[in-house]
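**Q** no sequence for this one, just the structure:
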């Protein structure tokens, strides 16, 4: 067989491992330029991002974004400190209807679609929400507090982290739509 | 003219290519690091033709899949936004992502197995790099700028108006092809109607997709217009794995040294079959001389086989001086197909395929999860012990599903609220709802395991999960009760 022609440009590196020597060939220019480009990019990036401080550190960006989200939430949040507002909501059909939908998917397991819970036959787990006797306070603000934070010792989950503030308020509006403002309420001391 | 060898007409004088490949360095990487640009000549023959049809088929599949609706969705639609992945009417949800393991490992095993048997068949016949380069971009180049010698002359000559015009048209077509490829790629993820919407809106509306498409098109254009074989030689990891996957009995493209050497012009006494016309070198898209043996640059495109066969026919010698054969076969030995390597890879592939088939067969058109609500693990009331769960139901199908949640292995008298009636979910919909289980104190015998079962209306599938009903030790509950009883008595 004719041996392949020798490349006159081939250089061998001097070191030898187990009799094996390495070619000393030049890297492709495109490869070297990519490397040099990456180094140049790193210097520019390092200067702009770290030295000049023109790029916000991640921690600050997250903080700024969280502040922005909190501001948006506040701007669109519902006033839950005002009993009169809740009674107003309980008379708004859109609010009540939205509350009914959430209630029927999440709350009926304990309070039943009739809201009568323990008073219903057959009985259910949750307290009756249609009567005037309340375990954890019966003013709209107190009801909101119960729905939002739950009563973990009794098995009532905290719903605000799950459904958000708006839906929690809608739920309270739906419950209040079964009551009327000014009715006499009794608060049973819960054990 | 007679057919006697001595009266054979001399073979057509082949135009010599500019380079003489050596085995110890890469033709397309110059000693000064520059990039000698190749002008591979056109090959003609059975493999070139078959490869072209295979490539057209693959390109057609790539271009058409998003257009063919199967069950209301494109044949292949990776809907990242909705986390639903449609394959020919089969829909997978994000919850089925574990199947990806079998997809990827299956491809790996298949590639190992095929490589051990047939070498770089993938590279030459099916790799998108080769398919698009050889059958789209090189065709455009051939069409606009002419054959290899014409292109070489054009590029070596001065920049005339005509050359500039041709060059501009060529690059414009390259860019059009690159944009078409990347737009279709995006369609796999957003569907064609959505892609069409994106295209008619301002880039700022979907700037991420816009940037992706145009940067990807730029990369493709650079790759196919200039970078070409450098990708196979320097970047592609599959090419670098070859030496670990192949052996002397793997089918490769090789030159029959025993038959070909010593080379000599037609009529040279004692010369082998190779007339040293250099045609195999001229057609090679990676710039090697296949007669130097198997080399890392070879992508198995078979152009040299067709080129050599064409010459062999002209000089009336048997074809196959360069052919698909194993290194063993080329040196006159017998190729062994059954080898430890092929057996191991084959068994791995079969095991993988069997497990994958089983895994895919267990994919159900719905999914569900049961988890406890926040708060205590269980609640003990005056008359009952209560556990509260949340059940998440996912309809993975593209039609509404009515699902029934049932319980198995629960004690008599257990009361269940939540999911007392079947739940109807919209197509691809999901819901989370509480499930509350109550056991009377009298009937309570301690914690127990039970099964939550989800069935569809037609009973075509059942999903089940074992869950524990948690509660206090029944004896503790009894003691507590008795104590209270005594207290009542004393008072």
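**A** Here it is on my side, so go on. Quantities reported herein were computed from a predicted structural model and do not represent experimental measurements.
**Q** could you list every residue that touches residue B:23?
**A** Contacts for residue B:23 (CB atoms under 8 Å, 6 or more residues apart in numbering or on different chains) come out as A:4, B:289, B:292-293, B:295. The way it works is simple: take the backbone N, C-alpha and C, and place the C-beta from them, glycine included.
**Q** my bad, should have said residue B:291
**A** If you count contacts by CB under 8 Å, 6+ apart, residue B:291 has them with B:255, B:257, B:260, B:274, B:280, B:322.
**Q** how about a cut-off of 10 Å?
**A** A:1-2, A:4, B:21, B:23, B:254-257, B:260-261, B:263, B:274, B:276, B:278, B:280-281, B:304, B:308, B:321-322 (CB atoms under 10 Å, 6 or more residues apart in numbering or on different chains).
**Q** out of these, list just those in strands.
**A** Taking DSSP state E, the ones among those that sit in strands are B:254-255, B:322.
**Q** okay, now the domains of the chain?
**A** If you meant another chain, say so; for now it's chain A. Listed domain ranges for chain A are A:12-51, A:79-187 (source: automatic domain parsing).
**Q** I was after chain B.
**A** Split into domains by automatic domain parsing, chain B comes to B:5-330, B:366-490.
**Q** and these, which one is worst for confidence?
**A** In terms of average pLDDT, domain B:366-490 trails the rest of the domains of chain B, at a mean of 86.
**Q** can you tell if that one touches chain A?
**A** Yes: Domain B:366-490 is in contact with chain A by CB under 10 Å from any CB of the partner chain, via B:372-376, B:378-379, B:381-384, B:386-391, B:415-420, B:423, B:431-438.
**Q** buried ones among those residues?
**A** Among those, those buried by neighbour count (16 or more other CB atoms under 10 Å in any protein chain shown) are B:372-373, B:375-376, B:378-379, B:384, B:386-391, B:415, B:417-419, B:423, B:431, B:433-438.
**Q** go ahead and flag the most central residue of chain A.
**A** In chain A, the centroid-proximal residue (CA atoms, centre = their mean) is residue A:161; its distance is 8.5 Å.
**Q** would you mind giving the secondary structure of it?
**A** Classification of residue A:161 using DSSP: H, G, I helix; E, B strand; the rest coil returns helix.
**Q** in contact with the residue of the stretch 251-400 of chain B found nearest chain A, which residues?
**A** Per CB to the nearest CB, residue B:375 is where the stretch 251-400 of chain B lies closest to chain A, at 3.9 Å. Applying CB under 10 Å, 6+ apart to residue B:375 gives the contacts A:150-158, B:388.
**Q** please redo it, this time with the cut-off set to 7 Å
**A** Residue B:375 sits next to A:150, A:152, A:155, A:157 when contact means CB atoms under 7 Å, 6 or more residues apart in numbering or on different chains.
**Q** residues from chain B in reach of chain A?
**A** B:20, B:22-25, B:29, B:31-35, B:230, B:234, B:257, B:261-263, B:292, B:373-376, B:379, B:386, B:388, B:417-418, B:431, B:433-436, B:438 (CB under 7 Å from any CB of the partner chain).
**Q** now, these that are in strands?
**A** Short answer: the residues of chain B next to chain A in strands (DSSP E) are B:379, B:386, B:388, B:417, B:431, B:433-436, B:438.
**Q** which among the contacts of residue B:291 end up buried?
**A** A:4, B:21, B:254-257, B:260-261, B:263, B:274, B:276, B:278, B:280-281, B:304, B:308, B:321-322.
**Q** tell me how far the longest strand along chain A lies from the chain's centre.
**A** When chain A is parsed with DSSP E, its longest strand is strand A:12-17. Taking CA atoms, centre = their mean, to the nearest Å, the mean C-alpha location of strand A:12-17 is offset from the chain mean by 60 Å.
**Q** how about that strand against chain B, any contact?
**A** No: with CB under 7 Å from any CB as the criterion, chain B is not reached by strand A:12-17; the gap is at least 10.1 Å.
**Q** for the next helix or strand after that strand, packing partners?
**A** Heading C-terminal from strand A:12-17, the first helix or strand you meet, by DSSP states H and E, is strand A:20-23. Applying 3 or more CB pairs under 7 Å, 6 or more residues apart in numbering or on different chains; DSSP states H and E, we find strand A:20-23 packed against strand A:12-17.
**Q** same for the strand it packs on, what does it pack against?
**A** Using 3+ CB pairs under 7 Å, 6+ apart as the contact test, the elements touching strand A:12-17 are strand A:20-23.
**Q** OK, contacts around the residue in chain A that chain B sits nearest to?
**A** Nearest residue of chain A to chain B, counting by CB to the nearest CB: residue A:109, 3.3 Å away. Going by CB under 7 Å, 6+ apart, residue A:109 touches B:417-418, B:433-436.
**Q** check what pLDDT residue A:188 gets.
**A** pLDDT, residue A:188: 75.
**Q** surely it and residue A:135 touch.
**A** Yes: in this structure, residue A:188 is within contact of residue A:135 by CB atoms under 7 Å, at 5.7 Å.
**Q** and the two? Which one has more around it.
**A** residue A:135 (15 against 11; other CB atoms under 10 Å in any protein chain shown).
**Q** what helices or strands is the lengthiest helix in chain B leaning on?
**A** Assignment by DSSP state H gives helix B:161-190 as the longest helix of chain B. Where contact means 3+ CB pairs under 7 Å, 6+ apart, helix B:161-190 is packed against strand B:76-79, helix B:138-145, helix B:192-200, helix B:207-222.
**Q** work out which residue lies at the spatial centre of chain B.
**A** Closest residue to the average C-alpha location of chain B: residue B:107 at 7.0 Å, with CA atoms, centre = their mean.
**Q** surely residue A:127 is in a strand?
**A** No: the assignment for residue A:127, made by three-state DSSP, is coil rather than a strand.
**Q** which pLDDT value does the model give it?
**A** Reported pLDDT for residue A:127: 90.
**Q** shouldn't it be in contact with residue A:119?
**A** No: the criterion here is CB under 7 Å, and residue A:127 misses it with residue A:119 at 8.5 Å.
**Q** between these two, tell me which one has more neighbours.
**A** Applying other CB under 10 Å to residue A:127 and residue A:119 shows that residue A:127 carries more neighbours, namely 22 against 16.
**Q** who touches the more buried one in this structure?
**A** Taking CB under 7 Å, 6+ apart, we find residue A:127 in contact with A:117-118, A:135.
**Q** dump these into a markdown table; add secondary structure and pLDDT as well.
**A** Output for the contacts of residue A:127, formatted as a markdown table (DSSP: H, G, I helix; E, B strand; the rest coil; pLDDT from 0 to 100):
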| residue | secondary structure | pLDDT |
| --- | --- | --- |
| A:117 | helix | 87 |
| A:118 | helix | 86 |
| A:135 | coil | 90 |
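**Q** so which of those residues comes closest to residue B:331?
**A** For the contacts of residue A:127, the residue nearest residue B:331 by CB to CB is residue A:117; the value is 87.9 Å.
**Q** does the closest one touch residue A:108 like I think?
**A** No: with contact defined as CB under 7 Å, residue A:117 does not reach residue A:108; the gap is 9.7 Å.
**Q** since that was my last question, I'll sign off now.
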